[in-house]
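Student: Okay, here's the prediction I keep looking at, along with the sequence it came from:
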Amino acid sequence: MWRWLNSAGEASSFNLGVGRGSLLVGLLLVGCQEPLPELSWSGDHVSFGTDSNEQICAGTLQALDDHANILFQLFDIEPHPIEFYWIQEPELYSDHCPPSYGCTTGVRVVSKSPVLFHEIVHAVVFDDIQGPTPFEEGLAVVYGNALLPLETLEPIEEVLGDFRDQDGSMGRFVHFLIEEHGLDSVLEFLAVAPARATKIVKYEAEFNAVFDESLETAIERFEQYRECDYKEVYRIMRGCQNEDVSPMIEGQWRFEVALDCSSSDVVGPHEGRVWTTRTFDLEQENLVTTSISSASTTTEARLLKCSSCSDALNRLYPVGDTTEVLPAGRYVLEVSTRVSEPSDVAIIVTPNF
Ligand SMILES: [Zn+2]
């Protein structure tokens, strides 16, 4: 089911003519590949080109660039340029990617959406810490965005035994490894284990050495691991790293959001929706009322907590008032609407004691 989201490894491999199912695709591509459009925008790390005439929201390209920047820092990788192509023409897309939603060849992303952070992760780790394919996919899920449907979770030993792009399952396992062993250990494993390996035998020695436990033990512990919807954790990466934390003023956070594709902080469209986020720190557990007003009936506000699996929180608030006890921590409020229904949205977050 997840086959349409391909890994950097798989995409790279068809350029090299080796790897899973690659030879046929490689042969088909030779000699008949339409060139990608010219790059029309460049940020610090990401350059962008598209064949689309649709409007791209004003904050989108900067968001791609910011995402790459955060990942280069977080993963301690010397930054390299990334090319991102948003391609709408199906034939042009299939000239450059196998059936999928996006693919990455080295540092070149081809995507059906202008905001596919999953592929940015592949382009960032390319070469330095690519690691075995299932783990690279897991990392791309943890540090990507939740725009794509993920498959039903499967037992990890089956996923690793026969990896077929079960990215969601691997996202959850990689998240477990990050929580249990720390991000540095996961990055070390990706750096020392063979890039694009898919067979356990190829990387299990490195797994044992870096994590100081066998893969078998880790999988057993993972099965006992508390239930956690990985979607609650991974999609908020960017907002959680945000240094632009909104201050509380007179006991409230008040956010006035012009939720319109032309606003400089609005990202999208993806499947007809556009969004922006605000970040705030709740210093202690509190009974909090969140009031949302919008003229558009398609406005939604999602409150996410920057947290570990144990206290993950992901709530969709309707327009109106919602009151609930929230634990202390950093929160990201993601406000979205249909691109065709721009609206001024006012959000007031009030701790009650
Ligand atoms: Zn991927």
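Tutor: Received, thanks. Because the structure is a prediction, the values reported are computed rather than measured.
Student: For the residue nearest to the spatial centre of the chain, give me phi and psi.
Tutor: Centroid check for the chain by C-alpha atoms, centre = their mean gives G144 as the closest residue, at 1.1 Å. According to degrees, to the nearest 10, the main-chain angles of G144 amount to phi -90, psi -150.
Student: What separation is there between the closest residue in space to it that isn't next to it in sequence and the ion?
Tutor: Of all residues not flanking G144 in the chain, H118 sits nearest, at 3.3 Å (C-beta to C-beta, 6 or more residues apart in numbering). For every residue, glycine as well, the C-beta is placed using N, CA and C. Taken as C-beta to the ion, to the nearest Å, the spacing of H118 relative to the ion amounts to 6 Å.
Student: Which secondary structure state does H118 sit in?
Tutor: Remark: H118 carries the secondary structure label helix [criterion: DSSP: H, G, I helix; E, B strand; the rest coil].
Student: how near is it to L326?
Tutor: In this structure, H118 lies at 29 Å from L326, with C-beta to C-beta, to the nearest Å as the measure.
Student: quick one: which of those two has more around it?
Tutor: More neighbours surround H118 than the other of H118 and L326, with 28 against 20 (other C-beta atoms under 10 Å).
Student: you'd agree the more buried one is up against A140?
Tutor: Yes - when contacts are counted by C-beta atoms under 8 Å, H118 is listed as touching A140 (4.9 Å).
Student: Report the spatially nearest residue to L177, omitting neighbours in sequence.
Tutor: Counting by C-beta to C-beta, 6+ apart, the residue nearest L177 is V186, at 5.2 Å.
Student: tell me which residues of whatever helix or strand the one you found lives in are tucked away?
Tutor: For V186, the element it lies in under DSSP states H and E is helix 183-192. When burial is assessed from 16 or more other C-beta atoms under 10 Å, helix 183-192 yields the following buried residues: L183, V186, L187, E188, F189, L190, A191.
Student: residues touching E216, list them.
Tutor: Not one residue lies near E216 by C-beta atoms under 8 Å, 6 or more residues apart in numbering.
Student: in which helix or strand would I find it?
Tutor: Applying DSSP H and E as the criterion places E216 in helix 215-224.
Student: Off-centre distance for that helix?
Tutor: The chain centroid and the centroid of helix 215-224 are separated by 25 Å under C-alpha atoms, centre = their mean, to the nearest Å.
Student: quick one: buried residues of it?
Tutor: Buried residues in helix 215-224, counting neighbours by 16+ other C-beta under 10 Å, are found at L215, A218, I219, F222.
Student: mind listing what the second one touches?
Tutor: Under the criterion of C-beta under 8 Å, 6+ apart, the neighbours of A218 are L177, E180, F207, F211.
Student: now swap in the first one and tell me
Tutor: Residues counted as contacts of L215 (C-beta under 8 Å, 6+ apart) are L160, I200, E204, F207, N208.
Student: Am I right that the last one is in contact with T217?
Tutor: No - at 9.2 Å, N208 does not count as touching T217 under the criterion of C-beta under 8 Å.
Student: contact partners of stretch 75-82?
Tutor: Stretch 75-82 has contacts (C-beta under 8 Å, 6+ apart) with 44-47, 68-69, 71-72, 107-109, 120, 123-126, 128-129, 187.
Student: avg pLDDT for it?
Tutor: If you average the pLDDT over stretch 75-82, you get 97.
Student: now do stretch 129-149
Tutor: Stretch 129-149 shows a mean pLDDT of 87.
Student: Let's see it as CSV, backbone CA atoms only.
Tutor: Extracted in CSV, the C-alpha atoms of stretch 129-149 (Å, rounded to 0.1, in the frame of the first residue of the first chain):
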residue,chain,number,x,y,z
ILE,A,129,23.6,8.8,6.9
GLN,A,130,21.3,7.0,4.5
GLY,A,131,21.5,3.7,6.2
PRO,A,132,19.5,0.5,5.5
THR,A,133,16.4,1.3,3.4
PRO,A,134,13.7,0.3,6.0
PHE,A,135,15.4,2.6,8.6
GLU,A,136,15.8,5.4,6.2
GLU,A,137,12.1,5.2,5.5
GLY,A,138,11.3,5.2,9.2
LEU,A,139,13.4,8.3,9.7
ALA,A,140,11.7,10.0,6.7
VAL,A,141,8.3,9.2,8.4
VAL,A,142,9.4,10.5,11.8
TYR,A,143,10.8,13.8,10.3
GLY,A,144,8.4,14.1,7.4
ASN,A,145,4.9,15.4,7.5
ALA,A,146,1.6,13.6,7.9
LEU,A,147,0.2,14.4,4.5
LEU,A,148,0.1,10.9,3.2
PRO,A,149,-2.1,8.0,4.4
